[in-house]
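Q: just the structure for this:
(one chain, ligands or ions: 1)
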Amino acid sequence: MAITLGDNRYGKAEVRLVRVVRDGPRHDLRDLTVSVALAGDLAPAHSGDNSGVLPTDTQKNTVYAFAKRYGVDEPEAFGLLLARHFVDTQPAIHWARVDLVEHPWSRLGPHSFSHDGGPTRHASVTVTADASHVVSGLAGLVVANTTDSEFHGYVRDGYTTLPETTDRILATEVAARWRWSAIGDGPSWGSSFQGVRDALVAAFVDTYSYSLQQTLYAMGSRALEQQKELAEIRLTLPNKHHFLVDLAPFGLGNDNEVYVATDRPYGLIEGTVLRDDAPPAPEAW
Ligand SMILES: O=c1[nH]c(=O)c2[nH]c(=O)[nH]c2[nH]1
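A: Below is the predicted model of the structure:
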């Protein structure tokens, strides 16, 4: 029986990077968590030969040095710069993945900021010798509709207790990742991000929903209709359940006014919406 090394990668995870631009009295702030993963001819490293190993410490240093040297503008652009650098300069490295999460700050004044509880912006960049892929995304976008949501007509079996409803709260915490068809084509990274976020929110608000699955498809298709640069979008929607509290023991009715918000267990609705003419790129994810 032969035993061989399978897929492997290595890198520095979650480098915390804050970049300030001091352009006169008005400063700008970007706050990112950057993770690097590299793969290639690394079998020797798994037998004790480090001659092809760029230390993860060096990878971390490169993130900081590039932040100084090139600045940190859009996460996608910074990720492409870093990933391309590792593939171009390291003979053993044929694949680089850089994942970036941007932590949002909103401006309070010329040099004052408030950490924003809103969604985080994400980018995941993959570079090989002959291809680059960008997946952008967001997480932590918490939204709720207090009506225009029904759930009924579902399968009933001997274990079903859920009451059917024609009026419920629909709440979720959107995580979405979307793949760009081509790099450098179309709107800027930042305006595309805002366009996708706005499309997702608008579809959530506008959709009269019979299930979170229907809302997922409406959100994904709105994003693709509006943002032509996207090839596909993957959505993860936890159903943040709100159950009506039984107030009858207190002689009180409850006409959809008092709910208990539960955090677990939760329904988890996931799906991909894609253009049928977009060539698949599983290696981008
Ligand atoms: O929108 C929903 N989809 C489901 O599949 C489901 N299942 C469930 O118990 N509640 C809900 N709500």
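
Q: isn't residue 232 up against residue 180?
A: No - using Cβ atoms under 8 Å, residue 232 is not in contact with residue 180, being 9.8 Å away. For every residue, glycine as well, the C-beta is placed using N, CA and C.

Q: quick one: secondary structure of residue 221?
A: helix (DSSP: H, G, I helix; E, B strand; the rest coil).

Q: wait, doesn't it sit right on residue 272?
A: No - the criterion here is Cβ under 8 Å, and residue 221 misses it with residue 272 at 11.4 Å.

Q: how's the protein carved up into domains?
A: Following automatic domain parsing, one gets these domains for the chain: 9-45+54-130, 134-285.

Q: and of these, who's closest to residue 3?
A: Evaluated over the domains of the chain, closeness to residue 3 peaks at domain 9-45+54-130, with 12.6 Å, by Cβ to Cβ.

Q: end-to-end on that closest one?
A: The straight-line separation of the ends of domain 9-45+54-130 (Cα to Cα, to the nearest Å) is 19 Å.

Q: next one: it to chain centre, how far?
A: On the basis of Cα atoms, centre = their mean, to the nearest Å, domain 9-45+54-130 sits 15 Å off its chain's mean C-alpha point.

Q: what's around the spatially closest residue to residue 56 that is not a sequence neighbour, how many residues?
A: On the basis of Cβ to Cβ, 6 or more residues apart in numbering, the spatially nearest residue to residue 56 that is not a chain neighbour turns out to be residue 12, at 4.1 Å. Neighbours of residue 12 under the rule other Cβ atoms under 10 Å: 19.

Q: a strand runs through residue 12, doesn't it?
A: No - assessed with three-state DSSP, residue 12 is coil; it does not lie in a strand.

Q: ranges for the strands of the protein?
A: Assignment of strands within the chain using DSSP state E yields the ranges 15-23, 26-40, 93-102, 105-109, 112-115, 120-128, 132-145, 170-180, 230-239, 242-244, 259-261, 267-274.

Q: who does the fourth one pair up with?
A: The sheet places strand 105-109 alongside strand 112-115 (antiparallel), with pairing taken from DSSP bridges.

Q: with adjacent residues omitted, what lies nearest to residue 268?
A: residue 238 is the one closest to residue 268 (Cβ to Cβ, 6+ apart), at 5.4 Å.

Q: likewise for residue 108?
A: Spatially, and ignoring its direct neighbours in sequence, residue 108 is nearest to residue 114 (5.2 Å; Cβ to Cβ, 6+ apart).
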